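sequence unknown, structure follows:
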DNA sequence: CCTGCACTATACCGATCGGTATCTCAGGAG
DNA sequence: CTCCTGAGATACCGATCGGTATAGTGCAGG
C-alpha cells in the first residue's frame, strides 16, 4: 500500500471528516490524525483551516462541473439528455449521501458570513450550475429556459434535503419523474395555449 | 418596556443567534448576554445547551404546524387552497430567510448524529409535514397523493436552499408556479391518458 | 424586622480550539 | 568524523468552549 503524498492524504481526510461531521465539528488535529501526519505538516500545505475548507469545497465543486462536461461529451447536441443525466447523477448519489447531506448545503449552513471565501466559492459554483442548466434548457428549445432551470434546481436541491432528513421514500425515482414533467411542461407550453 | 421573564428572553436570544450564526458557532455565554441575563440563569432553565437547542427547534416546529392548522380553518374543505397557502407561506418567508436559510436544514447539517434528540425532533417534524401534505393531496382528489406530496416537498425545500445561496432570482413566484403545475399535473393525470 | 427564594455576578474547572515554537533526528557534503 | 539542513513529532500558546461553585442582591410574605 503506497501512501499518497501528504497533501493528498490531508485533502482525503478533510473530505471524509468535513462531509461526515461538519466543518466546525472537526478539528485540524483530527484531520492530521486521519491523514497519518501532523498538524505542522498540515499547516505547511495550508495557511489556515479556512484555506483547507476552501480547497476541499473547490475540489467538490470541480467534481460537479466535471460531471456536466462529461455529460456534454456523452450526449453531444442532445441538451435534454444532458439535463436528465444531471438529474440521474443526483439520483444515483442519493443513497450514498443518505442522511449525510449535500456538502454545499451543509457547509453553507455553517458559513453565515457571505464574505467568507468558502461561502463565495459555493455561491459562485451554484450560480454557475444554474446558468449552465439554463443554457441547456435554452438549447433544448424550452420556452422559458430561466424558469425551467430554476425549477429543476429547486427539485434537485429539495431531493437531497428530503433524503437527508429521511422524510421521503423513493426520492430518486420521484426526482426523475418530476424533472421529466418539468421538461415536458416547458416544451409544450408554447404549443398548447 | 417591561422585560419578559428570563426563560422567554433566553429562548428569544437563542432563536436569533442560532438561526443567524448556527448552533455550534454560538456559545451559551453569548446567548446569556443577548438575553440580558447570565449563564447561571440559563442553566437553571435548561439542563444543557443541547436541551436549549431542542426546545428552540420544538418551538419553530410548532410554529410551522400552527400554520397548517390556521390554513385548515381558513380554507375548510378546500385542500388545494390549503396546499397553495402553505406554498404561499414559504414564499412569503423567503425574503426574510434570504441568505440565512431554513433553521431545520441548517441545524440538521450540524447534527450528523441521527440519535441526537434535536435531530430526531427535526426528522419527526418533517415526516409529519409530508404526511399532512399527502393527506391534503388525497383529499384534493389527486391520483397519487404520496407522489404529489413528495414533489411539493422537494420544491419547498429547494426554493429555500436556492434562496439561501442566492442562485435563483424571483424564487417565490417560481415556487408558486411550480406547485401549481404539480397540482394540475396530478389532477389531470387520471383524466387524460 | 426577618426569612426564603429567584436571579445576578464572577470566578473557576478541565477540555479543546486554531496556530506556533522548539526539539529531535536522518542524511548528504566536506 | 563533523557539520549543516530540513522535515517530523511534541509541547506549548492564549482563547474559548460547556458547565459549575460561590457569593451577593432585590424582593415577597410573615
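Received, thanks. In this text the structure is predicted, and so the values were computed from the model without any measurement. Residues are numbered from 1 along each chain as shown, chains lettered A, B, ... in the order given.

Thought residue A:34 was touching residue A:13, still the case?
Yes: the pair residue A:13 and residue A:34 passes the contact test of Cβ atoms under 8 Å, sitting 3.9 Å apart. Every residue, glycine included, has its C-beta placed from N, CA and C.

what about the two, which has more around it?
residue A:13 (22 against 16; other Cβ atoms under 10 Å in any protein chain shown).

in what helix or strand does the more buried one lie?
Secondary structure from DSSP states H and E places residue A:13 in helix A:6-21.

so how far is that helix from its chain's centroid?
17 Å (Cα atoms, centre = their mean, to the nearest Å).

do the same with stretch A:164-172
17 Å.

buried set for that stretch?
With burial defined by 16 or more other Cβ atoms under 10 Å in any protein chain shown, the residues of stretch A:164-172 counted as buried are A:164-168, A:171-172.

outside of the helix holding residue A:13, which residues touch it?
Applying Cβ atoms under 8 Å, 6 or more residues apart in numbering or on different chains, the set of residues contacting helix A:6-21 from outside is A:3-4, A:26, A:30-32, A:34-37, A:41-42, A:45-46, A:52-53, A:55-56, A:59-60, A:100, A:103, A:106-107, B:112.

Quickly check: that helix near DNA strand D or not.
Yes: using Cβ under 7 Å from any atom of the strand, helix A:6-21 reaches DNA strand D at residue A:6.

The next helix-or-strand element following that helix near DNA strand C at all?
Once helix A:6-21 ends, the next helix or strand along the chain (criterion: DSSP H and E) is helix A:28-34. Yes: using Cβ under 7 Å from any atom of the strand, helix A:28-34 reaches DNA strand C at A:28-30.

Distance of the closest residue to residue A:75 other than its chain neighbours relative to DNA strand C?
Once flanking residues are discounted, residue A:75 sits nearest to residue A:81: 3.8 Å by Cβ to Cβ, 6 or more residues apart in numbering or on different chains. As judged by Cβ to the nearest atom of the strand, to the nearest Å, residue A:81 and DNA strand C stand 43 Å apart.

Test for you: state the pLDDT assigned to residue A:192.
On the pLDDT scale, residue A:192 is placed at 42.

ok, now residue A:160?
97.

That one contacts residue A:90, doesn't it?
Yes: the pair residue A:160 / residue A:90 is scored as a contact, 6.9 Å apart, by Cβ under 8 Å.

anything in stretch A:122-142 near chain B?
Yes: using Cβ under 8 Å from any Cβ of the partner chain, stretch A:122-142 reaches chain B at A:122-123, A:126-127, A:129-130.

now stretch A:37-56
No: Stretch A:37-56 does not reach chain B (Cβ under 8 Å from any Cβ); its nearest approach is 13.6 Å.

what's in contact with that stretch?
Contacts of stretch A:37-56 (Cβ under 8 Å, 6+ apart): A:6-7, A:9-11, A:14-15, A:18, A:23, A:28-29, A:31-32, A:35, A:107, A:116-118, A:121.

And chain A, split by domain according to the record?
Per the record, chain A has its domains at A:1-47, A:50-191, by automatic domain parsing.

And what about residue A:47, helix, strand or coil?
coil (DSSP: H, G, I helix; E, B strand; the rest coil).

Quick one, grab the pLDDT at the residue in chain A positioned nearest to DNA strand C.
Relative to DNA strand C, the nearest point of chain A is residue A:27 (3.0 Å; Cβ to the nearest atom of the strand). Per-residue pLDDT puts residue A:27 at 95.

cool, and residue A:3?
65.

so residue A:142 makes contact with residue A:185?
No: counting by Cβ under 8 Å, residue A:142 sits too far from residue A:185 to count as a contact (9.2 Å).

Quick check: buried residues in stretch A:48-58?
Applying 16+ other Cβ under 10 Å to stretch A:48-58 flags A:49, A:52-57 as buried.

Among those residues, which one sits closest to chain B?
When the buried residues of stretch A:48-58 are compared for distance to chain B (Cβ to the nearest Cβ), residue A:57 wins out at 12.3 Å.

ok, now which ones touch residue A:111?
Residue A:111 touches A:23, A:118-119, A:122, counting by Cβ under 8 Å, 6+ apart.

same question, residue A:136
A:79-80, A:82-83, A:149.

about what we covered before: which one of residue A:142 and residue A:185 is surrounded by more residues?
Shown here are residue A:142 and residue A:185; by other Cβ under 10 Å, residue A:142 has more neighbours (25 against 18).

next one: phi and psi at that one?
Dihedral pair for residue A:142: phi -70, psi 150, per degrees, to the nearest 10.

now do residue A:168
Dihedral angles (degrees, to the nearest 10) for residue A:168: phi -130, psi 130.

Okay, now the unreliable bits of chain A?
Low-confidence segments of chain A (pLDDT under 70): A:1-3, A:188-193.

rerun at 50
Along chain A, segments meeting pLDDT under 50 span A:1-2, A:190-193.

and it, which of its residues are near DNA strand D?
A:6, A:37-41, A:44.

Tell me if I'm right that residue A:177 and residue B:148 touch.
No: in this structure residue A:177 lies outside contact range of residue B:148 using Cβ under 8 Å: 11.0 Å.

what about the two, which has more around it?
Counted by other Cβ under 10 Å, residue A:177 and residue B:148 do not tie: residue B:148 has more neighbours, with 26 against 16.
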